[in-house]
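> This is the structure alone, sequence omitted:
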């Protein structure tokens with residue numbers, strides 16, 4: 001009985017952490033206000049849409065490179081966490097999703113609160129989390145294929 005409770009607690013902890021971080025971000029964004037004037041962008045998919053447009057529709061090669069680099073960089077930023085969770089732990093995909101979102105929200109909250117000069121953007125959270133989950137799925141798929149090949153040889 002006690003083992004089930006501890007597993008349930010551990011499984012729910014990342015979700016609680018994400019909710020606390022989202023609350024703190026909301027509190028600082030709307031209630032306390034950011035006195036430094038750092039921008040905060042909470043409309044989903046607007047930045048992604050602009051970067052895709054820049055990467056594929058721009059007639060200027062440098063703009064295409066900037067758009068593609070921004071997208072790829074955000075997808076790859078937290079991907080090593082997905083590799084770690086997928087390869088070296090027995091984490092479930094929900095745990096990986098919570099961990100990815102938690103880290104991404106933490107990065108964006110830090111950028112906004114610390115006034116790093118960068119825009120804190122919900123699209124960065126989306127792309128960071130997607131990259132982590134893609135890496136997690138790729139590692140798990142690779143391990144499953146490897147296991148299938150090893151059992152087929154026996």
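Alright, I've got the coordinates. Just so you know, these numbers come straight off a predicted model, no measurement behind them. Numbering: from 1, shown residues only.
> C-alpha only now, for contacts and for neighbours.
Will do.
> can you map out the strands along this structure?
Applying DSSP state E to the chain gives strands spanning 40-41, 120-121.
> most packed of these?
Ranked by mean neighbour count, the strands of the chain are led by strand 120-121 with a mean of 23 (mean count of other Cα atoms under 10 Å).
> helices and strands around it, which ones?
If you count contacts as 3 or more Cα pairs under 8 Å, 6 or more residues apart in numbering; DSSP states H and E, strand 120-121 packs onto strand 40-41, helix 93-113.
> distance of residue 107 from residue 154?
Per Cα to Cα, to the nearest Å, residue 107 is found 46 Å from residue 154.
> between the two, which one's more packed in?
Using other Cα atoms under 10 Å as the criterion, residue 107 and residue 154 rank with residue 107 on top: 15 against 5.
> show me where pLDDT drops low in this structure?
Flagging of the chain using pLDDT under 70 yields the residue ranges 1-15, 18, 21, 24-38.
> Tell me where this protein has helices.
Here the chain has its helices, by DSSP state H, at 2-26, 46-57, 61-76, 79-88, 93-113, 122-153.
> Next, count neighbours for residue 103.
Number of residues near residue 103 (other Cα under 10 Å) recorded here: 19.
> Now do the contacts for it.
residue 78 (Cα atoms under 8 Å, 6 or more residues apart in numbering).
> returning to what we had before: could you export the helices and strands packed on strand 120-121 as JSON lines, including distance to residue 124?
Below are these laid out as JSON lines (distance: least, Cα to Cα, whole Å):
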{"stretch": "strand 40-41", "distance to residue 124": "10"}
{"stretch": "helix 93-113", "distance to residue 124": "8"}
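> ok, now how distant is the residue nearest the centre of the chain from residue 89?
Centroid-nearest residue in the chain, with Cα atoms, centre = their mean: residue 129, separated by 2.3 Å. Distance, residue 129 to residue 89, using Cα to Cα: 18 Å.
> Contacts only, for the spatially closest residue to residue 79 that is not a sequence neighbour.
Using Cα to Cα, 6 or more residues apart in numbering and skipping residues adjacent in sequence, the residue nearest residue 79 is residue 132, 4.0 Å away. By Cα under 8 Å, 6+ apart, the contact set of residue 132 is 75-76, 78-83, 96-97, 100.
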